[in-house]
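Peer 1: here is my input; please provide its structure:
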Amino acid sequence: MLDNCEHVIDVAAGMAEALLRASPGIRVLATSREPLGAEAECVYRVPPLSVPAADTGDVETLLRHGSVRLFVARARDAEPQFSPDLHVMATAAAVCRRLDGIPLAIELAAARAATLGVEELAARLDDRFRLLARGRRTALPRHQTLRATFDWSHDLLSETERVVLRRLAVFAGSFTLEAAGIVAASPDVPEPDIVATVAQLVAKSLVAIDIGSAVSIFRLLETTRAYALEKLVESGEEGPVARRHAVHYRDLLARAETEWETRSPADWLASEGRGIDNLRAALSWAFGAGGDPPTGVEMVALATRLWINRSLLGECRSWIETALPHVDVASERGLRQAMRLQAALGMSLAHTQGFAHQTADAWNSARGLAERLLDTEYRLQAHYGLYAYHLRTGEYQQGLQQARAFRAVAEISADTPDVLTGDRIIGTALHYAGDLPAARASLERVLANFQRPASRWLAIRFGLDQRTGTLIHLARALWLQGLPERAMRVVRSSVQEALAVDHPTSICFALADGACPIAAVSGDVPAWTEFISMLIDRAARHSFDAWHAHGRDLQNMMSTRLSERAPLSDAALKRLREARFDMIYLPILNNFAACAGARVDACLQTVSAILERAEHNQERWCIPELLRIKGQLIAAKGTPESSVEAGATFEESLRLAREQDALAWELRSATSLAALWHAQGRSAEAHLLLAPVYAQFSEGFATADLRAAAALIDGTR
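Peer 2: Numbers count the residues shown, from 1 in each chain. Okay, the predicted model is just below:
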């Protein structure tokens, strides 16, 4: 056995061959950082200890991994009372991941955890070589500290290997040989020599290789990179190497910009997405001390498409806000960068912060720049963004104006998919404006003519898969027109299609705007529960803070809906008055009369405020139902005068529902008015009112609304 023989590798190789020639029955086991290169050698690469995935959620699964078991064992050696709970175990697992499963590093870290605590250890791990500095006194000197271990390996390298290793440390993620050649080459180490040197570093276990793809991918383990970065800083080469690294990734993004419509989506994302850690490192350098802000601005402008299509919208917004102050708006190039950054900022803000005024400011800036530069694409982007903003803030007429402006620009460019997108957003705006027949006709026309683009990016370049968006609002129109079963089928299709496209933003739209509201108004509690859970999960996964908060609100709302006598606090009423009203809130408002009790006046004020805002914004689609709910609250007062007023309110609600062709609202209004008349002894009139409305339905007879109507019809015969 020849143990740890890398420092005498040539002698060890000669000894092994001599032994085997002298006696073929001998077997030699040699441990080393690199293969001996001897005749008849079989190489087994000892892997690091296994580390658990970041989302591992239970102690038993964590302890199946050797790195975690070693950490716990060594921590208990140092402190016998060490008995971690799940949170501490998860933090220990994160430490093991950051230490790449290296046994010595984990042993040293576990010993430190006994005095610092696991969380403090994890927080200090950036300074790992100072932190992990006390091993067993009886160990070999090179095994007593983490730095000594790396110093041992580093001292055995040739000068060229040392230079290339420290330059490779600039890569924050994986890299190709091409990238290594561009970034690490210099007059003293020409590019052709980089390939051979990287191969030597792989052989010496200082660079890891993934040979599972067509192009070999390399990376430095995190601890190796931390050591090599120290050497890079000490060498004084950090600035020039970081600049070459940033310029290389800027050039990659520029090349991707010309290919994004022609390359397959999977290929584009795999190649460009793989470099996202390097992009982050390059941007941190560009906008840091001694960096190059103009290069950073160019990179951010080119990277927006990558961030948006990977749904990294919070990150996109952060880098744009960093880049914008450095844009040179005195040049056309700078104006185009500003236009692109403002458009991406508008989209990012919409999904991370919600539809605040900063979102509109960004889209208006993008629109002004696009009109100044006569840029059709960004005029479309800006009109679409402003359309979405106005719809989300309840300004439906302004939203309809922006949708029509979008379609007008699309018609000039004669691009059929864009014209259909214009029809879709016009149909959506008409739905909210209460023109259901026109909305449904527009949306169905889009579906009849829609052909999904060959490029995934064209399908989602406005931030939403257009077919998914069409299905969402068609489902809402169908439900309002009295087709609840068909609406549920369509809305499930919208979720499935968004999942198939694998676009997180489209998935959250399908859930928040379509699936959750339709399930809620249909009274389908299992579906509502399923969709809310999906929304919260997807939003959390992609840091969509606004949608995540909305999902949590829906969960609370569902609990309130299921509790028929839920208390109505001032805070709850205030939130309803101030929230952007949508179909999802109707089950709560519909329950007001049942749970108002002594608070009927406060509930009535809330509904009246929502109704007033809806009328002001010409949000006509929901006005019939809001009037009906207002009538229910008026009737709950129980006086002769309130009964008359409630009847008049129900009749107005019924009239508007018929005017809009909203059969679902017509049924609810007719049911409420018929129930009032029945209680007044006017059962025959109640029957004549409600039975013809009920007869118009062809499906949905198991829904709560139709069951209630059927029971009342039977009771008034």
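Peer 1: nearest spatial neighbour of Arg340, chain-adjacent residues omitted?
Peer 2: Excluding the flanking residues, the one nearest Arg340 by C-beta to C-beta, 6 or more residues apart in numbering is Ala301, at 5.0 Å. Placement of C-beta: from N, CA and C, glycine included.
Peer 1: and the residue nearest the centre of the chain, what's its pLDDT?
Peer 2: With the centre of the chain defined as its mean C-alpha position, the nearest residue by C-alpha atoms, centre = their mean is His542, 2.2 Å away. His542 carries a pLDDT value of 80.
Peer 1: which residues does it contact?
Peer 2: Ser311, Leu312, Leu313, Pro504, Cys508 (C-beta atoms under 8 Å, 6 or more residues apart in numbering).
Peer 1: so which two of those residues are the farthest from each other?
Peer 2: The distance between the two most remote of the contacts of His542 (C-beta to C-beta) is 14.1 Å, for Leu312 and Cys508.
Peer 1: those two: which is more packed in?
Peer 2: Using other C-beta atoms under 10 Å as the criterion, Leu312 and Cys508 rank with Cys508 on top: 27 against 20.
Peer 1: show me the domain layout of this structure.
Peer 2: 1-44, 59-146, 157-236, 452-561, 563-715 (automatic domain parsing).
Peer 1: hey, least reliable of those by pLDDT?
Peer 2: Note on the domains of the chain: lowest mean pLDDT is at domain 59-146, with a mean of 77.
Peer 1: any residues touching stretch 405-423, and which ones?
Peer 2: 376, 379-380, 383-384, 387, 403-404, 425-426, 442-443, 445-446, 449-451, 453, 458, 462, 466.
Peer 1: sorry, back to before: the residue nearest to Arg340 contacts Ala323, correct?
Peer 2: Yes - counting by C-beta atoms under 8 Å, Ala323 is a contact partner of Ala301 at 7.3 Å.
Peer 1: so what sits against both of the two?
Peer 2: With C-beta under 8 Å, 6+ apart as the test, Ala301 and Ala323 both reach Leu341.
Peer 1: what about the residue nearest to Arg340, neighbour count?
Peer 2: Counted with other C-beta under 10 Å, Ala301 comes out at 25.
Peer 1: and if you look at His326?
Peer 2: 17.
Peer 1: so what's it up against?
Peer 2: Phe287, Pro293, Pro294, Gly296, Val297.
Peer 1: how far away is the first one from Pro294?
Peer 2: What it means is Phe287. Distance, Phe287 to Pro294, by C-beta to C-beta, to the nearest Å: 11 Å.
Peer 1: between these two, which has more neighbouring residues?
Peer 2: Neighbour count, other C-beta under 10 Å: between Phe287 and Pro294, Phe287 has more, with 20 against 16.
Peer 1: quick check: the nearest residue to Leu229 once chain neighbours are set aside vs Gly422, distance?
Peer 2: Using C-beta to C-beta, 6+ apart and skipping the chain neighbours, the partner closest in space to Leu229 is Ala169 (4.4 Å). Per C-beta to C-beta, Ala169 is found 51 Å from Gly422.
Peer 1: so between those two, which is more surrounded?
Peer 2: Comparing Ala169 with Gly422 by other C-beta under 10 Å, the one with more neighbours is Gly422, at 26 against 21.
Peer 1: quick check: which element contains the more buried one?
Peer 2: Using DSSP states H and E, Gly422 sits in helix 416-432.
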